[in-house]
Each structure stands twice: as structure tokens, then as C-alpha cells.
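A.B. asks: Structure of the sequence below:
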Amino acid sequence: MRISFARIEEAARTIDPVFLGTPQYACEALGDELGVDLVLKVETANPVRSFKGRGASYCVAGLEGDGPLVCASAGNFGQAMAYACRARRRPLIVYAGETANALKVERMRALGAEVRQAGADFDAAKEAARGYARDAGLRFVEDGLEAATAEGAGTIGLEMRSLRLDAVLVPLGNGALLAGVALALRTLAPAVKIVSVQAAGAPAMTESLRSCRVVRHEAMSTIADGIGVRVPIPEALNDLAGIVDETLLVEEQSLVAAMRMIHRHAGLVVEPSGAAGVAALLENTSYFLGRRAGTILCGGNLTAAQMREWLA
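C.D. replies: The predicted structure is shown next:
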């Protein structure tokens, strides 16, 4: 395999401790409403408010040299890379789509990254970033393609191994989070059912997993920008082969309802991508009824306007 359980364990010793040991607990009030014994893994209580700090920290630590790095991001990975690069005094250029979340763009710049907005969405920005890095002779760091991003995310699975879960619902974007967590839990708790969750408005990764071939889309339409992918990474799909038990797609209204439920019952601000697992429980109540399920609240970067609209 391209990713390694041994390197997930190494990542747990390498990653900036500020991203490790995140809260995980049974949220009884939310679980009662959903009809499940629900455990939340909260990845929003860190300097970049998302799980991406784990993979970026491990990835940057393993890169040689001190020259500028280039990446593309919808916002969370860019913040994580900016934080990791700033700690090592390494310049970073981030490409983001022209419609990227304004708060995430602002935070990337505040953390020291040079942010360039190009293209209609994340995948278009990634093409621009790759072309610039190639022409400038700089190292391009692609989230999901770099094995270290998945291995860093896999440390979440190490921390969840003691939770005695029947199922874990993992938001699916480019696949790094799912691949790392699934490999860790497959190794340590093989009976746990691994369930991926993606927005129905951006189903390319899910359709690719279901059909065992790369499925690309010309456009996507979802508020879940953190898991909005229309051009899958083939290597990331290979990482997921044989380790995912179920793939679910959720509707936009369920994402909003899930964010509101998490806010009401857990007191947490979570972005649409981070609420995907709860949205899946909401849409598939009978399937998970009576089970002990865990989900990863993978990001919490919302603008003030988004909070007024979605959490009111």
C-alpha cells in the first residue's frame, strides 16, 4: 500500500502536539435525537479549526530543503500548510478558487501564506497551482496525493481505537482523511464498519469508489466546500480500495440541519463538511438505529454571514 500504518504511528510522534489528542466523547443529547449511541471526535479545537493540521504538519516535517512550497486549497488545508510552514520559516504560496470561503482566505494570509485566487473552484485552482509550480521549479504539495497527508490524518484513527464503535462515519473529500482513519481502524479495530459520507452535489469520489473507476465532473454544487471534489486523484482512490464498507451521499438540507443540531446539542460551530457524518445519520436513521456510531467533526470554519444563515 502507498500509505503505511507504521508511518501513521510515526506521525503521532512527529505532528505538532497542538493537533493531537482532540476531544472524543459520547454526545447523549444529539445521540438521543438521532436514535444512536453517538460519539463525536472534535477536530475543530486547534489553531486552524480542522483536522488538516495533522497531515500538513507531518508532510512539511518530512520535506527536504527550505525553499517555497506551493499548494491548492479550498481553505482548510491551506491554513494548515501555512501554520506548518510558518513554524519552519518556509515560504508558502496557496492557490484558492475565486469563490473560496472569505474567512479561510483571510486566515491563510494571516498565517503568512501568499494566497492567489484563480479558477472557478478548488479543482481549477489546483490546476493553476500545479502549472505555476512546474513553471517556477517549486515543490507542489497536493493534499491527498502526498501519502503523508493521509498518514497524518490516520492519527485520528489511533485515538479512536478505544471507543468500541460499531461504525465510524468519515467525511469524504479528496480521500486523505478516510484513507488514514480507515487504515488505522482496520489495523486496530477491524470489526468497525467504515462509512464514507459525501455531499450529493459533489459526488465524484463516491461514484468513483462505487464504479471502481475515476469519475470526473465538469461542475459541482454544494455548500460543503471542504469536501467538494469534482476531479478525483487516482492514487487516493487506490488507497481506499477494499477498506470502505459503505458509501453514502447526503443532501444540502441535511447538512444544514446537522450543523444546527450539532450547535444546539453539542454547543459546537461546525462547517458543512464537518457535519456530513451527522447528516448521514439523520438521513439513514433506521440503518444506524441502536448502534454505537462515531463521526469526525473535521472542520469548523464559518464566516459570520454563514453562521447567521445556517445556525439561526
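
A.B. asks: switch to C-alpha atoms for all contacts and neighbour counts from now on
C.D. replies: Noted.

A.B. asks: Residue 177 - that's part of a strand, no?
C.D. replies: No: assigned with DSSP: H, G, I helix; E, B strand; the rest coil, residue 177 falls outside any strand and is helix.

A.B. asks: Check the gap between it and residue 302 for me.
C.D. replies: As judged by CA to CA, to the nearest Å, residue 177 and residue 302 stand 20 Å apart.

A.B. asks: who has more neighbours, these two?
C.D. replies: More neighbours surround residue 177 than the other of residue 177 and residue 302, with 29 against 19 (other CA atoms under 10 Å).

A.B. asks: Okay, now the unreliable bits of the stretch 201-312 of the chain?
C.D. replies: Across the stretch 201-312 of the chain, nothing is flagged by pLDDT under 70.

A.B. asks: Try it again at 90.
C.D. replies: 290, 312 (pLDDT under 90).

A.B. asks: which residues touch residue 301?
C.D. replies: Listed by CA atoms under 8 Å, 6 or more residues apart in numbering, the contact set of residue 301 reads 49, 50, 76, 103, 104, 270, 271.

A.B. asks: Ramachandran coordinates for residue 95?
C.D. replies: Per-residue torsions, residue 95: phi -100, psi 130 (degrees, to the nearest 10).

A.B. asks: Next one, pLDDT for it please.
C.D. replies: pLDDT, residue 95: 98.

A.B. asks: just residue 60 next, same as before
C.D. replies: For residue 60, the predicted pLDDT is 98.

A.B. asks: what about it, neighbour count?
C.D. replies: When neighbours are counted by other CA under 10 Å, residue 60 comes out with 20.

A.B. asks: And residue 65, by the same measure?
C.D. replies: So residue 65, with other CA under 10 Å, has 7 neighbours.

A.B. asks: measure it to residue 136 for me?
C.D. replies: In terms of CA to CA, residue 65 sits 16 Å off from residue 136.

A.B. asks: Show me which of the contacts of residue 301 is closest to residue 141.
C.D. replies: Within these, the smallest distance to residue 141 is 14.1 Å, found for residue 76 (CA to CA).

A.B. asks: mind checking pLDDT for the closest one?
C.D. replies: Residue 76 is given a pLDDT of 96.

A.B. asks: shouldn't it be in contact with residue 54?
C.D. replies: No: using CA atoms under 8 Å, residue 76 is not in contact with residue 54; the gap is 11.5 Å.

A.B. asks: the more surrounded of these two?
C.D. replies: A count of neighbours by other CA under 10 Å puts residue 54 above the other of residue 76 and residue 54, at 33 against 26.

A.B. asks: Skipping adjacent residues, who's closest to the more buried one in space?
C.D. replies: The shortest distance from residue 54 to any non-neighbouring residue, by CA to CA, 6 or more residues apart in numbering, is to residue 152 (4.9 Å).

A.B. asks: Start from the N-terminal end of the protein and give the strands.
C.D. replies: In the chain, the strands defined using DSSP state E lie at 24-26, 37-42, 69-72, 92-96, 114-117, 139-141, 167-171, 193-199, 246-250, 292-297.

A.B. asks: most neighbours per residue, which of those strands?
C.D. replies: Comparing the strands of the chain by mean neighbour count (mean count of other CA atoms under 10 Å), strand 92-96 comes out on top with a mean of 27.

A.B. asks: how many other residues sit next to the residue nearest to residue 257 when sequence neighbours are not counted?
C.D. replies: Distance criterion CA to CA, 6+ apart; nearest residue to residue 257, sequence neighbours excluded, is residue 279 at 7.3 Å. Neighbour count of residue 279, defined by other CA under 10 Å: 29.

A.B. asks: Same check on residue 64?
C.D. replies: 7.
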